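Visitor: Here is my input; please provide its structure:
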Amino acid sequence: MASPWAQLEQAGFGVAGLDTSLQPLDEGAVARARLVAISVPMHTAVRLGSAVAARIRAQNPAAHVCLFGLYAALNAEHLLERGVADSVIGGEFESALVELASALDTGRALGDVAGVTTREGLRPRLSSRAKGAVLAVAPVLRRLPFVTPRRDGLPALDRYARLIGPGPGESRVVGYLEASRGCLHRCLHCPITPVYDGRFFIVPREVVLADAAQQIAAGARHLTFGDPDFFNGVGHSMAIARALHEAHPGVTFDITTKVELILKHRERLAELAELGCVFIVSAVESLSERVLSELDKGHTRADVHEALRLTREAGIPLRPSLVAFTPWTTLEDYVELCDFIVDEGLEGNVDPIQLAIRLLLPPGSALLARDRPRPWLGALLPDELGYRWTHPDPAMDRLHAQVSRCVEAATQAVEDPAVTFAAIRALAHRAAGREPPRVERAKEAPFVPHLTEPWFCCAEPSRAQVEQVSAEPGPRTPGTGCCG
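Guide: Next comes the predicted model:
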């Protein structure tokens with residue numbers, strides 16, 4: 001949101017920006033707007049953004065509503081055909097948004113604006129779409145000019161997630177950076193794959209550092225790199241980390257990268273720790289070789305153990321993200337995953353919500369393009385922007401419901417994660433017909449730095465999460481974030 005805001009203003013347009021998860025709609029701004037652009041980088045965001053779009057249409061029917069971002073591209077058919085949006089933009093969106101604003105200002109035909117898809121432009125593309133294609137739109141996949149994002153009009157950073165750490169009893173205000181976008185890899189369940197198809201684009205070093213400086217001046221003492229994979233352009237990202245540490249030696253940061261790249265770039269880990277990296281998020285997803293193969297993750301169970309060893313050696317905690325429930329996950333797989341977390345002492349590294357994550361299948365998922373039998377796949381539910389699926393083993397769906405209730409109750413009670421993991425592990429063992437492991441008292445999880453909003457990917461948000469955030473803006477709720 002902050003990046004296109006800056007570019008629209010640079011092009012001479014007046015912009016009123018709102019984060020509707022924290023701020024109420026400004027009725028005056030809505031009434032004046034000719035273009036309303038809604039950022040939808042996540043599944044939860046596109047569901048919330050659709051509700052915001054409906055409110056805007058009621059207040060200002062003449063405004064052009066555009067949804068832009070990763071999930072706008074995935075859900076373009078639904079968003080345009082149902083009239084949620086007048087246009088959508090996917091991929092690298094800034095220049096297309098500026099061109100859209102210019103076309104609306106001058107009366108130019110929107111069909112001439114590259115990267116912008118309207119309902120009229122969608123229909124011929126649908127009729128001519130090649131078999132196996134997953135997107136109904138052509139995302140913008142070219143390197144764009146960047147300017148420093150405009151952040152001063154957004155809510156103060158201390159209203160967003162905080163770092164708990166880097167040491168016990170410490171807490172830091174968090175800022176957000178992107179050194180790159182897109183991804184070189186094509187994990188089949190990842191929402192980035194159908195949009196970027198193995199492409200990635202770097203954000204110029206001077207822009208990233210200027211963005212860091214303005215957020216540090218606004219109070220940030222920790223920066224989370226939102227790159228889908230920090231090691232995609234390892235030379236570029238490491239140069240930024242070095243420059244950041246040199247200019248702001250007291251500021252910490254975290255990154256996200258694949259298990260296979262932790263192994264490939266193991267020699268970088270010690271330097272990352274010296275530069276201030278306090279944890280690494282990595283999409284482990286599963287320990288099942290079958291599941292890892294179906295998702296085309298690019299790593300094995302043995303690789304996960306090696307990545308843990310390497311990060312421990314470097315002194316950087318690894319925070320695995322998981323897709324604990326998939327159509328291929330067995331009860332045995334789930335029990336082994338719970339045992340792995342406890343046996344490896346990872347209760348402080350893994351948010352309990354990770355063990356409740358169920359595979360999300362949005363309309364454009366690359367998993368749906370594979371020519372394989374899918375007896376577990378149900379219908380597309382347009383209002384939920386995803387396909388329903390039922391596990392071949394009903395016990396797995398029952399276990400998912402039980403684990404979800406357990407995690408929800410634990411979150412409300414602010415329960416120690418070690419206690420929650422012990423309870424989930426017991427549920428898993430019982431579901432598999434085993435006696436739960438005897439636990440005298442769940443040991444307190446060792447302290448690991450973490451953000452107050454858990455990071456997770458490719459997950460279905462609960463209806464309660466969407467309804468809660470839709471109803472009224474307010475403080476962010478842990479567990480509602482997800483990453484592309």
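
Visitor: Please tell me how far I255 sits from L275.
Guide: The span separating I255 from L275 equals 10 Å under the rule C-beta to C-beta, to the nearest Å. Every C-beta, even on glycine, is put in place using the N, C-alpha and C of the backbone.

Visitor: Mind checking which of those two has more residues around it?
Guide: Using other C-beta atoms under 10 Å, the more surrounded residue of I255 and L275 is I255, with 23 against 20.

Visitor: show me the contacts for P317.
Guide: The neighbours of P317, taking C-beta atoms under 8 Å, 6 or more residues apart in numbering as the test, are 278-280, 311, 348-349, 448-449.

Visitor: 7 Å instead, please
Guide: P317 is in contact with 279, 311, 349, 448-449, counting by C-beta atoms under 7 Å, 6 or more residues apart in numbering.

Visitor: in the helix or strand encompassing P4, what counts as buried?
Guide: Per DSSP states H and E: P4 is located in helix 2-10. Taking 16 or more other C-beta atoms under 10 Å as the neighbour-count basis, helix 2-10 is seen to contain the buried residues 2-8.

Visitor: Which residues outside stretch 403-413 are in contact with it?
Guide: Looking at stretch 403-413 with C-beta under 7 Å, 6+ apart, the contacting residues turn out to be 352-353, 355-356, 420, 423-424, 427, 478-479.

Visitor: do that again at 6 Å, thanks
Guide: Counting by C-beta atoms under 6 Å, 6 or more residues apart in numbering, the neighbours of stretch 403-413 from elsewhere in the structure are 352-353, 355-356, 420, 423-424.

Visitor: Go through this structure and flag its longest helix.
Guide: Ordering each helix of the chain by length in residues (DSSP state H) puts helix 394-412 first.

Visitor: Just the closest of the buried residues of helix 2-10 to H189, please.
Guide: For H189, the closest of the buried residues of helix 2-10 turns out to be S3, at 26.5 Å, with distances computed as C-beta to C-beta.

Visitor: wait, doesn't that closest one sit right on P149?
Guide: Yes - applying C-beta atoms under 6 Å as the test, S3 and P149 come out as touching, 4.6 Å apart.

Visitor: Just the helices from the stretch 351-484 of the chain, written as ranges.
Guide: Secondary structure of the stretch 351-484 of the chain, counting by DSSP state H, counting those that start in this stretch: helices at 394-412, 417-431, 463-471.

Visitor: Of the ones you listed, which stretch is the most buried?
Guide: Stretch with highest mean neighbour count among these: helix 417-431 (a mean of 20; mean count of other C-beta atoms under 10 Å).

Visitor: can you list the residues that contact it?
Guide: Contacts to helix 417-431, defined as C-beta under 6 Å, 6+ apart, come from residues 331, 334-335, 338, 347, 352, 355, 395, 399, 402-403, 406, 410, 436, 439, 442-445.

Visitor: distance of L104 from L97?
Guide: 11 Å.

Visitor: Would you mind telling me which of the two has more residues around it?
Guide: L97 (27 against 19).

Visitor: Can you tell me the closest non-neighbouring residue to the more buried one?
Guide: On the basis of C-beta to C-beta, 6 or more residues apart in numbering, the spatially nearest residue to L97 that is not a chain neighbour turns out to be P4, at 4.9 Å.

Visitor: separation between the one you found and P317?
Guide: Using C-beta to C-beta, which is the criterion applied here, P4 is 34 Å from P317.

Visitor: For the helix holding P4, which helices and strands make contact with it?
Guide: In terms of contact count using 3 or more C-beta pairs under 6 Å, 6 or more residues apart in numbering; DSSP states H and E, helix 2-10 is assigned the packing partners helix 94-106.

Visitor: what's the distance between whatever helix or strand comes next after the helix it packs on and the middle of its chain?
Guide: Later in the chain than helix 94-106, the nearest helix or strand by DSSP H and E is strand 117-118. Taking C-alpha atoms, centre = their mean, to the nearest Å, one finds strand 117-118 lying 25 Å from the centre of the chain it belongs to.

Visitor: Ok, stretch 96-116 next?
Guide: Using C-alpha atoms, centre = their mean, we find the averaged C-alpha position of stretch 96-116 to lie 28 Å away from the chain's own average C-alpha position.
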